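Asker: Predicted model and sequence follow; I will ask about them next.
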Amino acid sequence: MISSQPSPSEITVFAPAKINVILRILDRRPDGFHNLWSIMQTVALEDEVQIRLCADRQDIQLRCDAAQLAADQSNLVYRAATVVLAQARQSIGLDIELRKRIPMGAGLGGGSSDAAATIIGLNRLLQLEWSPTQMAEVGQSLGSDVPFFLFAPSAYVAGRGETVQPIVVEGVRWVVLVNPGFGVNTKWAYQELAATRTAVTPLSTVQQELGRQSRVDWAQLVATAENDFEAPVFATHEKLREIKRSLLDHGAEIALLSGSGATVFGLFADEARARLAQAQFMSKNGMKIFVVPTCSGPLVWR
């Protein structure tokens, strides 16, 4: 939300997590990557990216409250700021503070969302007036999921992630996010998928029809929800299969791996049912469990 008198030199952008309601991994591209087809949705589990302009210097100083995340030039927030300043041909100092809440390496797109939030924040602070498409072009070089967050809350995503078509998903759902406390390496997941499947299953007729719609409801998405990574990832990580089964047993409309994992999410019609499902995991050591609604708008700032 924009305050009545926003500061011209400081902004905080809220960077939400995402879930993949559908994630299909299709044919391999000439560049070695796979084409994907996904319906992504942001949820109200958010990092915060606070940016201050510092006119008296020209370097970027990044601080992060997550000790396990490097706050240097390898960080996606730092890289996003560098790319924006280069594209905008601006030389100005930045103080950036990243406050993490989204688990890392969890299939929830936290790093990509942080990068998108940085692009949005600098677009406003520097008064660049870039469109979402222009910002997505900048974000594409940083990671496959970054463009999606610039068209949030809901979109079809295809190609390597560069093709984003916003959609309206009618209604709100409550989401239970269960992170087991370990990560799944995305490169490994792709290798396992390639090694274990005999052929690429094309998009179903229902999925193709969804891709032609600009407005859908949750019942349509629930009916065709799937994630191609589940078979190879669950084969190695049985705990994730058990989490999915438990969410379904406790009333989830669907339960799926998000991205390549390791977070599993359950979709619920209301908060009360979601809280009941959450309770079964609260005594599990090492797990992180969140109950949040789906988002209904783009990334916000103050």
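Answerer: Thanks, I have the structure now.
Asker: Remind me which helix or strand the residue lying closest to Phe281 once chain neighbours are set aside belongs to.
Answerer: Once flanking residues are discounted, Phe281 sits nearest to Ile289: 4.8 Å by C-beta to C-beta, 6 or more residues apart in numbering. Heads up, the C-betas are built off the backbone N, CA and C, glycines and all. Following DSSP states H and E, one finds Ile289 within strand 288-293.
Asker: other SSEs contacting that strand?
Answerer: strand 34-54, strand 174-179, helix 271-279 (3 or more C-beta pairs under 8 Å, 6 or more residues apart in numbering; DSSP states H and E).
Asker: For Trp130, find the nearest of the ones you listed.
Answerer: Trp130 lies closest, by C-beta to C-beta, to one member of those: strand 34-54, at 15.4 Å.
Asker: May I have the secondary structure class of Ile96?
Answerer: Following DSSP: H, G, I helix; E, B strand; the rest coil, the label given to Ile96 is strand.
Asker: that older thread, tell me which of the helices and strands packed on strand 288-293 lies nearest to Asp217.
Answerer: The closest of these to Asp217 is strand 34-54. By C-beta to C-beta, the value is 12.4 Å.
Asker: Name the next helix or strand following the closest one along the chain.
Answerer: Scanning forward in sequence from strand 34-54 by DSSP H and E, the next helix or strand is strand 60-64.
Asker: Can I get that next one in PDB? Just the C-alpha atoms.
Answerer: Taking C-alpha atoms only, strand 60-64 is exported to PDB below (Å, rounded to 0.1, in the frame of the first residue of the first chain):
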ATOM      1  CA  ILE A  60      25.600  -1.300  -2.500                       C
ATOM      2  CA  GLN A  61      25.500  -2.400   1.200                       C
ATOM      3  CA  LEU A  62      23.300  -5.400   1.900                       C
ATOM      4  CA  ARG A  63      22.300  -6.700   5.300                       C
ATOM      5  CA  CYS A  64      20.300  -9.900   5.900                       C
END
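Asker: Quick check: neighbours of that strand in the sheet, parallel or antiparallel?
Answerer: strand 93-99 (parallel) (DSSP bridges).
Asker: where along the chain do the strands fall?
Answerer: 10-28, 34-54, 60-64, 93-99, 154-159, 163-166, 168-170, 174-179, 215-217, 226-227, 254-257, 264-268, 288-293 (DSSP state E).
Asker: which of those sits most buried?
Answerer: Highest mean neighbour count among the strands of the chain (mean count of other C-beta atoms under 10 Å): strand 264-268, with a mean of 27.
Asker: Just want the angle from that one to strand 174-179.
Answerer: If you take axes from the mean of the first three to the mean of the last three C-alpha atoms, to 10 degrees, strand 264-268 sits at 170 degrees to strand 174-179.
Asker: strands paired with strand 264-268, and their directions?
Answerer: strand 174-179 (antiparallel), strand 254-257 (antiparallel).
Asker: residues in contact with it?
Answerer: Residues outside strand 264-268 that contact it (C-beta atoms under 8 Å, 6 or more residues apart in numbering): 19, 21, 173-178, 180, 218, 222, 240, 243-244, 247-248, 250-258, 274, 277.
Asker: nearest spatial neighbour of the residue lying farthest from the centre of the chain, skipping sequence neighbours?
Answerer: Largest separation from the mean C-alpha position in the chain: Asp56, at 34.6 Å (C-alpha atoms, centre = their mean). Excluding the flanking residues, the one nearest Asp56 by C-beta to C-beta, 6+ apart is Gly93, at 6.8 Å.
Asker: Can you name the residues bridging to that neighbour?
Answerer: Here Gly93, judged by DSSP bridges, has bridge partners Cys54.
Asker: re the thing from before, just put the strands paired with strand 264-268 in TSV and tack on mean pLDDT and distance to Trp301.
Answerer: Shown next, in TSV, are the strands paired with strand 264-268 (pLDDT from 0 to 100; distance: least, C-beta to C-beta, whole Å):
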stretch	mean pLDDT	distance to Trp301
strand 174-179	98	23
strand 254-257	98	30
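Asker: I'd like to know which of those strands is closest to Tyr190.
Answerer: In terms of C-beta to C-beta, the element of these nearest to Tyr190 is strand 254-257, at 13.7 Å.
Asker: and that closest one, how far from the chain's centre?
Answerer: 15 Å (C-alpha atoms, centre = their mean, to the nearest Å).
Asker: Over to stretch 137-149?
Answerer: For stretch 137-149, the distance to the chain centre is 11 Å (C-alpha atoms, centre = their mean).
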